[in-house]
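*Asks:* Fold the following.
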Amino acid sequence: MEYMGHYDSPLGGMTMVSDGLSLTQLSFDWQPSVGAGPGGQEVRPLPVFDETRRWLDIYFGGKIPMFIPALSLHGTPFRQAVWELLLTIPYGQTMTYGEIAARIAGRRGMQRMSAQAVGGAVGNNPIAIIVPCHRVVGADGSLTGYAAGLDKKRRLLQLEQII
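*Replies:* Residues are numbered from 1 along each chain as shown. Purely as a prediction, here's the structure:
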């Protein structure tokens, strides 16, 4: 069973999904769902939703949250590796798809990896903002793809004073 909660962000409503213990999805309400599981979703108050709201309140207040809500990321081992690396990108900093590809390749003992493959994993990140895929930019620093739209990515990067 999945449980659902809501958050009103300055950028629009957000839907939170949980397995009852951990956050499994966070997306803008109008954003296509990534990774929603089978079966229904029941609206229910949960501690992880309270923790996620607190994290988002701090973040949208222009401060750095000093904790991460309990997360449960489901995906292929490659996608999980990319998402875990996204969690290491510090607030106020960016990383390119190529840099992520090079780090993943190094960890796997490979000479190189496709930045496009990394882009696919980044694009399927099920937990927006907390797993900071908005901090990933093109090789030349340009703003590229964001499931919630480039206008939201730009506003998130402005909030973090990156641009």
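
*Asks:* Please count neighbours and contacts with C-alpha atoms only from this point.
*Replies:* Noted.

*Asks:* Flag the helix or strand of the chain with the lowest per-element mean pLDDT.
*Replies:* The weakest-scoring helix or strand in the chain, judged by mean pLDDT, DSSP states H and E, is strand 41-43 (a mean of 81).

*Asks:* Quick check on the residue of the chain most remote from its centre: phi, psi?
*Replies:* Residue farthest from the centre of the chain, counting by CA atoms, centre = their mean, is Gln111 at 27.1 Å. Here is the backbone geometry of Gln111 (degrees, to the nearest 10): phi -70, psi -40.

*Asks:* ok so, going back, which residues outside the least confident helix or strand of the chain are in contact with it?
*Replies:* The contact list for strand 41-43 (CA atoms under 8 Å, 6 or more residues apart in numbering) reads 1-5.

*Asks:* Next secondary structure after the helix or strand containing Val118?
*Replies:* Secondary structure from DSSP states H and E places Val118 in helix 115-123. Remark: after helix 115-123, the chain's next helix or strand is strand 136-137, criterion DSSP H and E.

*Asks:* nearest spatial neighbour of the residue farthest from the centre of the chain, skipping sequence neighbours?
*Replies:* Counting by CA to CA, 6 or more residues apart in numbering, Ala105 is the residue found nearest to Gln111 once chain neighbours are left out, at 6.3 Å.

*Asks:* so the one you found makes contact with Met113?
*Replies:* Yes: with contact defined as CA atoms under 8 Å, Ala105 and Met113 form a contacting pair (5.5 Å).

*Asks:* Where does the prediction get shaky in this protein?
*Replies:* Counting by pLDDT under 70, the chain contains low-confidence residues at 30-40.

*Asks:* which residues make contact with the longest helix seen in the chain from outside it?
*Replies:* The longest helix of the chain (DSSP state H) is helix 47-60. Helix 47-60 is touched from outside by 5, 7, 9-10, 16, 18, 20-23, 64-65, 67-70, 159, with contacts defined as CA under 8 Å, 6+ apart.

*Asks:* Dump that helix to CSV, keeping only the CA atoms.
*Replies:* Provided in CSV are the C-alpha atoms of helix 47-60 (Å, rounded to 0.1, in the frame of the first residue of the first chain):
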residue,chain,number,x,y,z
PRO,A,47,5.7,11.1,10.3
VAL,A,48,7.8,11.0,7.1
PHE,A,49,5.4,13.5,5.5
ASP,A,50,5.8,15.8,8.5
GLU,A,51,9.6,15.4,8.2
THR,A,52,9.5,16.1,4.5
ARG,A,53,7.3,19.2,5.0
ARG,A,54,9.8,20.5,7.6
TRP,A,55,12.7,19.8,5.2
LEU,A,56,10.9,21.7,2.4
ASP,A,57,10.0,24.6,4.7
ILE,A,58,13.6,25.0,5.6
TYR,A,59,14.8,24.7,2.0
PHE,A,60,12.2,27.1,0.6
